[in-house]
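Chemist: how would this look folded up:
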Amino acid sequence: MNSISSWVRLFFLVYLTVSLASPGHRTQLFAYAMNEPQCDTTGWSELVGKDGETAKTFILQKNPEMRVDVLPHDAMMTMDYRTDRVRVMVDEQQKVVREPRVG
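Modeler: Numbers count the residues shown, from 1 in each chain. You can find the predicted model right below:
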């Protein structure tokens, strides 16, 4: 009986940890548990000012498993943190205006 109560306590602690974590942290916890693709860098400051599609190609050459989205800098988007995603923010001339970052 004691081992069952230990398992129940352990399950409850894990449940609380995951359910009380912020959405971004939950995504990071699940990404770690599911072995989602990890990138070798968190940002590419050298791509600011370059063409958006050129930046996407550059990132995919180094990290082919990443999902790279080219979006307008003022686009609405979700705020979840994903270790397999990079967002390239471009202006009206399709030039990168912010450092592309993992997330």
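
Chemist: what about this structure, any weak spots by pLDDT?
Modeler: Confidence mapping of the chain against pLDDT under 70 gives the ranges 1-4, 12-13, 16-40.

Chemist: all helices in the chain, in order from the N-terminus.
Modeler: 2-20, 23-34, 52-62 (DSSP state H).

Chemist: Could you pull out the buried residues of the last one?
Modeler: Just to be clear, that refers to helix 52-62. Neighbour counts using 16 or more other CB atoms under 10 Å place 52, 55, 56, 58, 59 of helix 52-62 among the buried residues. In short, each C-beta sits where N, CA and C put it, glycine included.

Chemist: send the alpha carbons of it over as CSV?
Modeler: The C-alpha coordinates for helix 52-62 follow below in CSV (Å, rounded to 0.1, in the frame of the first residue of the first chain):
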residue,chain,number,x,y,z
GLY,A,52,13.7,37.2,-46.0
GLU,A,53,13.8,34.2,-48.3
THR,A,54,17.6,34.3,-48.4
ALA,A,55,17.5,34.3,-44.5
LYS,A,56,15.1,31.3,-44.5
THR,A,57,17.4,29.3,-46.9
PHE,A,58,20.5,30.2,-44.8
ILE,A,59,18.8,28.9,-41.6
LEU,A,60,17.5,25.7,-43.3
GLN,A,61,20.9,24.9,-44.7
LYS,A,62,22.4,24.9,-41.2
